[in-house]
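**Q** Can you look at this prediction? I've put the sequence above it.
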2 protein chains.
Amino acid sequence: MPVNLSAPNPAELFPVAGVRIGVAEAGVRKANRKDLTVVLLDEGASVSGVFTQNRFCAAPVQVCREHLAAGRGIRAMVINTGNANAGTGAEGLQRARSTCAALAAHLKIAPEQVLPFSTGVIMEQLPSERIEAGLPAAIADAREHNWARAAEGIMTTDTVPKAFGAQVLIGGVKVSITGISKGAGMIRPNMATMLGYMATDARVSQSVMQQLARELAEGSFNRVTVDGDTSTNDSFVVIASNKAAHPVIDSLDSADGQRLKAAMLDVARQLAQAIVRDGEGATKFITVRVQGGKTAEECRLVAYAIAHSPLVKTAFYASDPNLGRILAAVGYAGIADLDQGKIDLYLDDVHVAVQGGRNPAYREEDGQRVMKQTEITVRVVMGRGTAEDTVWTCDFSHDYVSINADYRS
Amino acid sequence: MPVNLSAPNPAELFPVAGVRIGVAEAGVRKANRKDLTVVLLDEGASVSGVFTQNRFCAAPVQVCREHLAAGRGIRAMVINTGNANAGTGAEGLQRARSTCAALAAHLKIAPEQVLPFSTGVIMEQLPSERIEAGLPAAIADAREHNWARAAEGIMTTDTVPKAFGAQVLIGGVKVSITGISKGAGMIRPNMATMLGYMATDARVSQSVMQQLARELAEGSFNRVTVDGDTSTNDSFVVIASNKAAHPVIDSLDSADGQRLKAAMLDVARQLAQAIVRDGEGATKFITVRVQGGKTAEECRLVAYAIAHSPLVKTAFYASDPNLGRILAAVGYAGIADLDQGKIDLYLDDVHVAVQGGRNPAYREEDGQRVMKQTEITVRVVMGRGTAEDTVWTCDFSHDYVSINADYRS
């Protein structure tokens, strides 16, 4: 059961001019499952992406990096579920390239204009023949109104499709922003998440696209974690189809650039948080906010130590205000000169610990009340500076074990 | 159910001359539970300890450091379960000191000659009055043959007491080595574990005791993990009662020093591995060996990434050879210049991955066979050097979640 997250209403997702999406069943791993998605872009779109920092990165991630670097203009993307094409060596690379070439032939474009993405089981060869056989059906299905279908087409252990949109005025022109994401386990994005895509019809110069993708990922996908396992396939792609009639945005610091980025960041955050809300076995959505640090980096270190602690996560699952476990995680986060006597801990509005010890005014029933909620904010104040950072995570339940013990069976 | 670990046979634990142990029921948290242990040392023992690197360290850990630094000669230790005296501020420190003073008064020694230890729930005040009231019974119980009782007296979520011993000839004299440990969750020792004690009657100069404690911890407790949570209370104490008749050991590099250290390391490793075998919810004992690294540090980084991955640990629980998860963990371990094309993976004798990809000769049923065992060795060969390191861990089961969701109830 996802935490306060329902399937998107297709009517509320904005089509983005110049971006058509098609979905098909290719039988990559299981029959009768939408497991193949193509995204077709009109000529002239600005595209950039950020990818996993896992050194064991998947073949499609390597090919994406190459094709983006080729700079011939991206015209299509091909996404399969059921197989990650990771840990597959030279043959895996060849199969990822073959899929791009097949789609390029259909569209009469160059293979370097295609980006491939895979998600699913690791260390099994990609059945690229089946994907290639499924391409005509996916291409025939392509239309601008298909975002909700695409969100469904890229799901693996997700229980609900994830798609969000927004509209914002840029230079007096209303532009649309729509994004989809997937992922529920092996989630600790480091640069991007296990497949996130956003498109806008806004006009954005290619020269600022990489900065835009990076800053959007930093403020959204790079702040969520389910289980601390950074995937081999994390990819986040940002598309500007450049169809809107406003003057082109060539700096993110301009008024239009800031407005667009803020609207896109809002959508990116919803996409990233949706992954946590649908985290494997999740029953609670937890915001970990760390304040009063010397740097944002050390705040993030502490936030992730809390967000990754199995002891903290099982306590949230049990609604057990066993909050000393949070202090223990703060202590081992890796800040060498941390003074425990300056640390305060809050659970929503409840002041749990003062200067490293239990708050004399803290009552167990107050902690218990907050722990029973489905949305909880943990706030740690370190008393050593003014920096802060925030990470979003979920709890750790019996179902997480069940899902991951049974994933392949 | 612990993994291939049974309760020690009291008859097989060697008493150590000059070290007497007493156990009592003080009612710290629950009635009718052996929760108080005292260790009484004859004058002239060499003692040293290593303690948690968690910056949020418990009050007794702070007092232990002070009392060891005072250098007046340690004569007694007092250990309680049911309460960790961590996250308890200035009052927690005062209560730890008060317990030492009470034991010192009974024994007519100085409070600085007493080391205090606590384990249990965090962020609740230590009921030191109950501990002090229980001291006479514990002192009256003290004898040299009580090691098995002590192993029971320091248990919390442990399901079996942990005690091991050895005898070794030093300078032609047979000396005894006996140790006990406890811990099943919040186990990722960084310097030492949640309470480990070893004693020998060997004659060891105080000048080398700190080095001995550090090296023993490095080769044993600092290489195990259950859940990645470094405790606030980890403590490992090494005692040499100096009763044996051989010439004093004043260098660990001497032949006698090496022989004693090897025998003690063997016992320390059994104690540390026993904690993993009795890890919360554990059904399998897993050795993670990483070879072919540039440095032992980077091998350890990779070994811990594998040993902490919830995805890897749940796959072991399910006996599911979903081994790509291990490669993913290798990839995010933090080695920036890792070449995935050089990595080989073995599961016991089964060669799973070659040069970063699936071994063509690997058959799923071979992986499955090993995964079903209760003792499994994962071996990663990185192909970038000659260094190696080993970490011991357990799998991650439904019971881990149950135990930690219900710990305080």
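**A** Structure received. In this text, all values refer to a predicted model and were calculated from it rather than measured experimentally.

**Q** Could you pull up the residues touching residue A:88?
**A** Counting by CB atoms under 8 Å, 6 or more residues apart in numbering or on different chains, residue A:88 touches A:58-59, A:95, A:123-126, B:357-358. Bear in mind the C-beta positions are built from the backbone N, C-alpha and C, glycine included.

**Q** so it bridges to which residues?
**A** residue B:357 (DSSP bridges).

**Q** before we move on, what about residue A:170?
**A** If you apply DSSP bridges, the partners that residue A:170 bridges to are residue A:173.

**Q** Return the helix or strand harbouring residue A:298 as PDB; C-alpha atoms alone will do.
**A** Using DSSP states H and E, residue A:298 falls within helix A:296-308. Only the C-alpha atoms of helix A:296-308 are listed here, as PDB (Å, rounded to 0.1, in the frame of the first residue of the first chain):
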ATOM      1  CA  ALA A 296      24.800  21.200   3.900                       C
ATOM      2  CA  GLU A 297      27.000  18.200   3.200                       C
ATOM      3  CA  GLU A 298      27.300  17.300   6.900                       C
ATOM      4  CA  CYS A 299      23.500  17.800   7.300                       C
ATOM      5  CA  ARG A 300      22.900  15.400   4.400                       C
ATOM      6  CA  LEU A 301      25.300  12.900   6.000                       C
ATOM      7  CA  VAL A 302      23.300  12.900   9.200                       C
ATOM      8  CA  ALA A 303      20.000  12.800   7.400                       C
ATOM      9  CA  TYR A 304      21.000   9.700   5.400                       C
ATOM     10  CA  ALA A 305      22.400   8.000   8.400                       C
ATOM     11  CA  ILE A 306      19.000   8.300  10.000                       C
ATOM     12  CA  ALA A 307      17.100   7.500   6.800                       C
ATOM     13  CA  HIS A 308      19.200   4.300   6.200                       C
END
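
**Q** could you dump the contacts of residue A:88 to CSV with distance to residue A:101, secondary structure and pLDDT?
**A** As requested, the contacts of residue A:88 are arranged in CSV below (distance: CB to CB, whole Å; DSSP: H, G, I helix; E, B strand; the rest coil; pLDDT from 0 to 100):
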residue, distance to residue A:101, secondary structure, pLDDT
A:58, 18, coil, 91
A:59, 14, helix, 94
A:95, 11, helix, 97
A:123, 24, coil, 87
A:124, 22, coil, 90
A:125, 17, coil, 93
A:126, 14, coil, 96
B:357, 21, strand, 89
B:358, 23, strand, 90
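
**Q** Let me have the residues you listed in a markdown table, extended by distance to residue B:22 and neighbour count.
**A** As requested, these are exported to a markdown table (distance: CB to CB, whole Å; neighbours: other CB atoms under 10 Å in any protein chain shown):
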| residue | distance to residue B:22 | neighbour count |
| --- | --- | --- |
| A:58 | 60 | 34 |
| A:59 | 64 | 28 |
| A:95 | 68 | 24 |
| A:123 | 55 | 29 |
| A:124 | 59 | 20 |
| A:125 | 64 | 14 |
| A:126 | 65 | 28 |
| B:357 | 60 | 22 |
| B:358 | 58 | 22 |
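
**Q** What is the nearest of the residues you listed to residue A:237?
**A** residue A:58 (14.6 Å; CB to CB).

**Q** Before we move on, what's the pLDDT of the residue nearest to that closest one when sequence neighbours are not counted?
**A** Using CB to CB, 6 or more residues apart in numbering or on different chains and skipping the chain neighbours, the partner closest in space to residue A:58 is residue A:86 (3.6 Å). pLDDT recorded at residue A:86 is 91.

**Q** Residue A:407 now?
**A** So, for residue A:407, pLDDT stands at 54.

**Q** One more: residue A:190?
**A** 63.

**Q** cool, and residue A:266?
**A** 88.

**Q** what's near enough to touch it?
**A** With CB under 8 Å, 6+ apart, residue A:266 has these contacts: residue A:166.

**Q** strands paired with the lowest-mean-pLDDT helix or strand in chain A, and their directions?
**A** Scoring the helices and strands of chain A by mean pLDDT, DSSP states H and E places strand A:224-225 at the bottom, with a mean of 78. As defined by DSSP bridges, the strand partners of strand A:224-225 come to strand A:387-394 (parallel).

**Q** which is the next helix or strand following the strand it pairs with?
**A** helix A:398-405.

**Q** ok, back up a step: what's the distance between the least confident helix or strand of chain A and the middle of its chain?
**A** Distance of strand A:224-225 from the chain centroid (CA atoms, centre = their mean, to the nearest Å) equals 8 Å.

**Q** residues making contact with it?
**A** Outside strand A:224-225, the residues touching it (CB under 8 Å, 6+ apart) are A:187-189, A:193, A:272-273, A:275-276, A:304, A:307-308, A:391-393.

**Q** circling back to that earlier point, what helices and strands are in contact with the helix holding residue A:298?
**A** With contacts taken as 3 or more CB pairs under 8 Å, 6 or more residues apart in numbering or on different chains; DSSP states H and E, helix A:296-308 sits against strand A:224-225, strand A:285-293, helix A:324-331, strand A:375-381, strand A:387-394.

**Q** got the residue ranges for the strands in the stretch 101-250 of chain A?
**A** Remark: strands assigned in the stretch 101-250 of chain A by DSSP state E, counting those that start in this stretch are A:114-121, A:162-170, A:173-181, A:196-200, A:224-225, A:235-240.

**Q** re earlier: residue A:42: which of the contacts of strand A:224-225 is nearest?
**A** For those, the nearest to residue A:42 is residue A:193 (26.1 Å; CB to CB).

**Q** Tell me which of the helices and strands packed on helix A:296-308 is the most buried.
**A** helix A:324-331 (a mean of 28; mean count of other CB atoms under 10 Å in any protein chain shown).

**Q** Tell me the residue of the stretch 101-250 of chain A that sits nearest chain B?
**A** Going by CB to the nearest CB, chain B is nearest to residue A:122 of the stretch 101-250 of chain A, at 2.3 Å.

**Q** Quick check, pLDDT for that residue.
**A** 86.

**Q** Surely it touches residue A:87?
**A** Yes: between residue A:122 and residue A:87 there is a contact at 5.1 Å, judged by CB atoms under 8 Å.

**Q** Residues in contact with both of the two, list them for me.
**A** A:232, B:324, B:327-328.
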